[in-house]
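**Q** Kindly generate the corresponding structure for this input.
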Amino acid sequence: MVLKYLLFAFWHIAIILFSVNPTLGSDDLPKFIQRDSSVDRSDMPKNIIAGSFAGGVNHLVPMLEICNILKNRGYNITLIAPGNFTAKSFSYSSIPQIIVDNNFDISKVYSTFEDDIFKMNHLNTFFAIMSYASSRYTDFYNIYKQIDEEVNADLFFCDYIMNFACFDIAWKLGKPVVGIATMLTYVSTPPLYRSDPLIGCHVTMENESFYSRFRCAIIEFSKYILYIVSSYNVNSQRAKVDVDPYWDTKGRISNILMLTNNFYGFEIPMALSPLHQEIGPILPDTFPNLTPDLNSFLTAHTRTIYFALGSFLRTTPQNLITILKSFVELIDRNIVDGVIWATVKSDISKLPSTSDNINISAILNNDYPNIHVIKYAPQFAILSHENTKLFLSHGGASSCHESIFNAKPMLILPLFGDQLGNAEKLELFGMALRLTDPYFKITDVVSKIQRLLNEESFKKNAERLQFLAKINSKRKYRGADLIEVVMNAEKFEGIKDNDGNLRIDNNVLLKEWITPNSRMGFIRGNYLDVYSAIIIIFLTLCVGSYYSLWTIARFFTKYKRSRNSRDSSKPKTE
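**A** Presented below is the predicted three-dimensional model:
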């Protein structure tokens, strides 16, 4: 009997096992197939024109990093930009460049403020630069057109800053275009809680008073709009090359893919359209190494400050003297033991002599043992060295990204443009302090450097942001992927013209990414008609209810008066 029950149990177990896996018991082991994630690029459009109006390291390096990735994937890249950039670069020398103007220097627009940049009106200067860019519109447009006729571009990849012609030529020719910018506020409509120091407000209005929020949202914003309307003259230039006018002052960037060289952690959070993709910080994989002199200096000085301003703007000679005196005091007090100063475009020959014991000439000639002065420096290598403890910078995007990547606290002297917002954001996020007084004193510099070096929170916050920067720095490959997505869409959405070239409509090329509200119009897209209907219904009910109550009350009042009148008219009985 026991044997019978055992055989019955084994039989049921065998049925269960074989019903779950019918191959169990056979000689074949479970097999798996490999997922194939390779992409067939054999029939993908190949030719890309990358265009930049401003040029320079800050604008070209992020763009060329993505171009290098695309070139390694088999695409043909042609760069159009001012200055002989790629030929002088080890990392990008394989990318051919069409030089627009070797002597082009946008800094000449605000060179009149070289002696005292703090006297300039930021908005006036900003629109002076925009006006200068408009005056060069036809030059750049014709160059883009000529090069396109030679290489037959399948896609335009445009640096956004002042580069209206690059976007316009793509729309005119019916070719896809992808933009790249440094800040979200350049290419999107920010929420009301975000603002810009360029117009005299803070980067976030979260903790601001009602008056400040009202002033920035209404008064300062209205001034900004008036500035734009009064200075927007791009359409007059467009007419010269038979391009239709366009009244969005951001340019023809609606409904196209816009890449942003930034990341949350160094950006005030906001909701993004699918067409706006953050892929920063975009950094090269290799950087120039330290020279023997710099390596020896850093090895010998274990608490070094690195000081460098940007390649465009210069602060005043008097401010440079103040900074140098601050460095000498910090060294004399043994707070730091070394300083590396990359002068870049600062004209050190204009530095005035001082009446104290500080020998400016000795410092500039590198006869002062604790301060090393150099024209151009391998910035990333210096910041990555363990003995570099602090970065005194103007707060440009690339400098901030490199400092964050190496977890170096910053003292920032913002001069213009995005530097104002960058400085405020990094101070808000706890890894930097700002020199906010245009005519700062030695005590300002010394006290803030002491705080940055002694308070542990600055280093911890820098390390927190460093982790975000290192993780997000891989997203440049996503940027290249997204450009390939656009080119693949072109292959399917394009219509061949008489010459056999594909033409597309940028308004609908990425229709799957365009949010429906942009097609519904302002009223329907924001459900203003629905909300208006709700308000009307509510007001109608309120008015109807009030009228009904008033009618009922009036009826009872009349009834009561009528009854009282009847009662009073009856003869009294005893």
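
**Q** low-scoring stretches of this structure, by residue?
**A** Counting by pLDDT under 70, the chain shows low-confidence ranges at 1-29, 102-123, 231, 312-313, 355, 566-574.

**Q** Report the residue ranges of every domain in it.
**A** What automatic domain parsing lists as the domains of the chain is 47-191+234-284+477-516, 292-471, 517-544.

**Q** Okay, and Tyr306 sits in which element?
**A** According to DSSP states H and E, Tyr306 maps onto strand 304-308.

**Q** which helices and strands sit right next to that strand?
**A** With contacts taken as 3 or more CB pairs under 8 Å, 6 or more residues apart in numbering; DSSP states H and E, strand 304-308 sits against helix 317-332, strand 338-342, helix 379-384, strand 388-393. Every residue, glycine included, has its C-beta placed from N, CA and C.

**Q** Mind checking these for the one nearest to Asn506?
**A** Among those, helix 379-384 comes nearest to Asn506, with 36.5 Å by CB to CB.

**Q** just the CA coordinates of the closest one, formatted as PDB?
**A** Provided in PDB are the C-alpha atoms of helix 379-384 (Å, rounded to 0.1, in the frame of the first residue of the first chain):
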ATOM      1  CA  GLN A 379      43.300  74.100 -16.700                       C
ATOM      2  CA  PHE A 380      41.700  70.600 -16.300                       C
ATOM      3  CA  ALA A 381      45.100  69.100 -15.400                       C
ATOM      4  CA  ILE A 382      45.700  71.800 -12.800                       C
ATOM      5  CA  LEU A 383      42.200  71.400 -11.300                       C
ATOM      6  CA  SER A 384      42.600  67.600 -11.200                       C
END
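
**Q** What is the longest helix of this protein by residue count?
**A** Using DSSP state H, we find that the single longest helix of the chain is helix 528-569.

**Q** circling back: as TSV, the domains of the chain with mean neighbour count and distance to Arg35 would be great.
**A** TSV is the format used below for the domains of the chain (neighbours: other CB atoms under 10 Å; distance: least, CB to CB, whole Å):
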stretch	mean neighbour count	distance to Arg35
domain 47-191+234-284+477-516	18	17
domain 292-471	19	24
domain 517-544	11	35
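
**Q** ok, back up a step: closest one to Lys460 among the helices and strands packed on strand 304-308?
**A** Nearest to Lys460, of the helices and strands packed on strand 304-308 and by CB to CB, is strand 388-393 at 14.3 Å.

**Q** starting at the chain centroid, how far to the helix or strand following the closest one?
**A** Using DSSP H and E, the helix or strand that directly follows strand 388-393 along the chain is helix 397-405. In terms of CA atoms, centre = their mean, to the nearest Å, the centre of helix 397-405 is found 13 Å from the chain centre.

**Q** tell me the helices in the stretch 401-550 of the chain, going along the chain?
**A** Using DSSP state H, counting those that start in this stretch, the helices of the stretch 401-550 of the chain run over residues 418-428, 442-454, 456-472, 476-493, 516-525, 528-569.

**Q** Would you convert those into TSV that also reports distance to Pro176?
**A** Shown next, in TSV, are the helices of the stretch 401-550 of the chain (distance: least, CB to CB, whole Å):
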stretch	distance to Pro176
helix 418-428	27
helix 442-454	46
helix 456-472	26
helix 476-493	5
helix 516-525	18
helix 528-569	33
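
**Q** Of all those helices, which one is nearest Asn501?
**A** Closest to Asn501 of those, according to CB to CB: helix 476-493, at 10.9 Å.

**Q** Check which helices and strands that closest one is in contact with.
**A** Looks like helix 476-493 contacts helix 56-72, strand 155-159, strand 177-181, strand 257-260, strand 276-278 (3+ CB pairs under 8 Å, 6+ apart).

**Q** Give me the helices and strands touching the first one, please.
**A** With contacts defined as 3+ CB pairs under 8 Å, 6+ apart, the secondary structure elements packing on helix 56-72 are strand 47-51, strand 76-81, strand 155-159, strand 177-181, helix 397-405, helix 476-493.

**Q** now the residue most central in space within the chain: how far from Glu278?
**A** Most central in the chain under CA atoms, centre = their mean is Met183, positioned 2.1 Å from the mean C-alpha point. Distance of Met183 to Glu278, computed by CB to CB, to the nearest Å: 10 Å.

**Q** All set now, cheers.
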